[in-house]
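S.K.: Sequence below, structure please.
(one chain, ligands or ions: 3)
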Amino acid sequence: MTDISAVKDALRRQHIETPSWAYGNSGTRFKVFPQPGVPRTPQEKIDDAAQVHRFTGVAPSVALHIPWDTVDDYAALADYAEERGVRVGAINSNVFQDDDYKLGSVTNPDPAVRKKALNHLLECVDIMDATGSRDLKLWFSDGTNYPGQDDIRERQDRLFEALQAVYERLGDDQRMLLEYKLFEPAFYTTDVPDWGTSYAHCLKLGPKAQVVVDTGHHAPGTNIEFIVAFLLREGKLGGFDFNSRFYADDDLMVGAADPFQLYRIMYEVVRGGGYEPAAGIAFMLDQCHNIEPKIQGQIRSVMNVQEATAKALLVDADALREAQRSGDVLAANAVFMDAFNTDVRPLLAELREEMGLHPDPVAAYKASGYFERIVAERVGGTQAGWGA
Ligand code: LRH
Ligand code: MN
Ligand code: MN
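M.R.: Ligands and ions are numbered 1, 2, ... in the order given. This next block holds a predicted model:
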C-alpha cells in the first residue's frame, strides 16, 4: 500500500522550471505566428513565469537563454525575479545563431571561431555568478552535413578542449549540463548526438559535469526511461528538458504526445532516488507554444508533469518487487499499470487546495484577467529567438 500523505508531501515540494523562451513568439522555419501580449523584455518573461508559479505552486524558477535574455545587470534581474516570487534557474548558452558558427562553434575548424564560442560559454558562467544559478546548460548545434566535410575525431578533441575550459571556470556549487541531440541542424554528423557521447565527456570532466536528457532529442522508438535509469544509477543524470515529440524535435507540450512514456520516465526517476532533492536533478521544460496561448500552455505542461509524477509515486513498490522477485510477469505489469491508470486529478486538486491554490490552475489563470491585461499593455512583443 502506498502512503498517500507521503505522496502528497513529495508532490508539494515538486520543482519544475519553466523556460523564458516559451513565453515569447515562436514558430517553425516556415512561419512564426505572433501572439498578442507576448513579453517584450526578459523582465516581462519573468512576470509570465511568475504567473505559472502563482497558479501551480510548483514552478518557482525560470531558465534564461543568452543572448535572448541579455540585460545590463543580471544581479538586478535575479532580484526582479525574487520580488515576483520566482528565481532565475539554469543559464542556457547559445552558440548556434551567429554567422561565424556556420561550420560549428566549439568544434569549428577555425581556432578564432572556437575562441569566440568559448568566450560566450565563459560569459554564461559570469552570468551564473551574478544570478546565483547552479546550472549551465550546454547544447551545441555543431556537426557536419556531408561525409568528409571535417574530421570527426578532431571535432571531438576540440569539443573536449572547450568543455574542459568551462569546467575549470565553474564555481564549487555550479554544474554544467551537457545536452545531446540526434540531429538538426546538422544532418550528417552531430558532435554530441547521444547520451553516450555526452556521458563519456562528462565522465572525463568530473563530478560537476552531468548529462541532460531532452525528451525530444532521440530517434523514434528510443527507450528514454532506460537512459534515465542508467544515468541515474551512474550518478550522471543532471536534469531534463521536457517536451513532447511526434516526429523530431517538435517541442510540444510535455505529456501531450505520450503520457505513458512520461510516466515511465518519472517512475525511473522515483525508483532511482532522482526525485529526492539531494539528487539535484533539474526538471526543466523546453517547449515552444507556436499556436496555443503560452502561459496556459506552460501551466498545462506543469500539470502534465505533476500528473505523471503523482502516478509514479503511487506505484505500490512492495507489490511490484514481490511480483518481480517471484517472476510473475503479469502481476508486475498489472501493478505498474494500476498506478498509471489511476486518475490522480482529484488528488492533485486536493493538494492544491491544501497549498492555498485554486484546484484548477487553468481556470484560475483565465479568471485572473492577467491575459487581458498583458494584451492591452504589451505592444510589439519579441520572438523567442528563432529566426529573430
Ligand atoms: C536544442 C534545444 C536546446 C536549446 C533549446 C532552445 O534543440 O533543445 O536545449 O537551448 O532547444
Ligand atoms: Mn533542449
Ligand atoms: Mn531541442
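S.K.: Check what contacts the host helix or strand of Ser5 and list those residues.
M.R.: According to DSSP states H and E, Ser5 maps onto helix 4-12. Contacts to helix 4-12, defined as C-beta atoms under 8 Å, 6 or more residues apart in numbering, come from residues 58, 275, 306, 309-310, 313-314, 347-348, 350-351, 354-355. (C-beta placed from N, C-alpha, C; glycine too.)
S.K.: Return the alpha-carbon coordinates of that helix using CSV.
M.R.: C-alpha atoms of helix 4-12 as CSV (Å, rounded to 0.1, in the frame of the first residue of the first chain):
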residue,chain,number,x,y,z
ILE,A,4,-0.9,9.0,0.3
SER,A,5,0.3,11.6,2.7
ALA,A,6,3.9,10.8,1.8
VAL,A,7,2.9,11.1,-1.9
LYS,A,8,1.3,14.4,-1.3
ASP,A,9,4.4,15.7,0.6
ALA,A,10,6.6,14.7,-2.3
LEU,A,11,4.3,16.5,-4.8
ARG,A,12,4.1,19.6,-2.6
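S.K.: What residues of it count as buried?
M.R.: For helix 4-12, a neighbour-count test (16 or more other C-beta atoms under 10 Å) marks Val7, Lys8, Ala10, Leu11 as buried.
S.K.: Show me which pair in the residues you listed is furthest apart.
M.R.: The span of the buried residues of helix 4-12, defined through C-beta to C-beta, is set by Lys8 and Ala10 at 7.3 Å.
S.K.: So which of the contacts of helix 4-12 belong to helices?
M.R.: In this view, these that belong to helices under DSSP state H are Gln306, Thr309, Ala310, Leu313, Leu314, Leu347, Leu348, Glu350, Leu351, Glu354.
S.K.: Okay, the nearest residue to the last one once chain neighbours are set aside and Val344: tell me how far apart.
M.R.: The shortest distance from Glu354 to any non-neighbouring residue, by C-beta to C-beta, 6 or more residues apart in numbering, is to Lys8 (7.4 Å). Note on Lys8: its distance to Val344, by C-beta to C-beta, to the nearest Å, is 11 Å.
S.K.: Near ligand 1, which residues of the stretch 1-150 of the chain are found?
M.R.: Applying C-beta under 6 Å from any ligand atom, we find that the stretch 1-150 of the chain lies next to ligand 1 at Asn92, Trp139.
S.K.: Go again with 8 Å.
M.R.: Within the stretch 1-150 of the chain, the positions adjacent to ligand 1 are Pro19, Trp21, His65, Asn92, Ser93, Asn94, Phe96, Lys137, Trp139, Ser141 by C-beta under 8 Å from any ligand atom.
S.K.: list the contacts for Pro359?
M.R.: Ala349, Glu350, Arg352, Glu353.
S.K.: That one should be in a strand, yeah?
M.R.: No: counting by DSSP: H, G, I helix; E, B strand; the rest coil, Pro359 is not found in a strand; it is coil.
S.K.: Just give the closest residue to it, not the sequence neighbours.
M.R.: Excluding the flanking residues, the one nearest Pro359 by C-beta to C-beta, 6+ apart is Ala349, at 3.6 Å.
S.K.: and the contacts of helix 4-12, which are buried?
M.R.: When those are checked for burial by 16+ other C-beta under 10 Å, the buried set is Val58, Tyr275, Gln306, Thr309, Ala310, Leu313, Leu314, Leu347, Leu348, Leu351.
S.K.: Columns pLDDT on top of the residues you listed, output as JSON lines?
M.R.: Compiled in JSON lines, the buried ones among the contacts of helix 4-12 are given as follows (pLDDT from 0 to 100):
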{"residue": "Val58", "pLDDT": "98"}
{"residue": "Tyr275", "pLDDT": "97"}
{"residue": "Gln306", "pLDDT": "98"}
{"residue": "Thr309", "pLDDT": "98"}
{"residue": "Ala310", "pLDDT": "98"}
{"residue": "Leu313", "pLDDT": "98"}
{"residue": "Leu314", "pLDDT": "98"}
{"residue": "Leu347", "pLDDT": "98"}
{"residue": "Leu348", "pLDDT": "98"}
{"residue": "Leu351", "pLDDT": "98"}
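S.K.: Check the secondary structure at the residue lying closest to Lys116 once chain neighbours are set aside for me.
M.R.: In space, and not counting its chain neighbours, Lys116 is closest to Asp100: 6.1 Å by C-beta to C-beta, 6+ apart. Using three-state DSSP, the structure places Asp100 in helix.
S.K.: With that, I have no additional questions.
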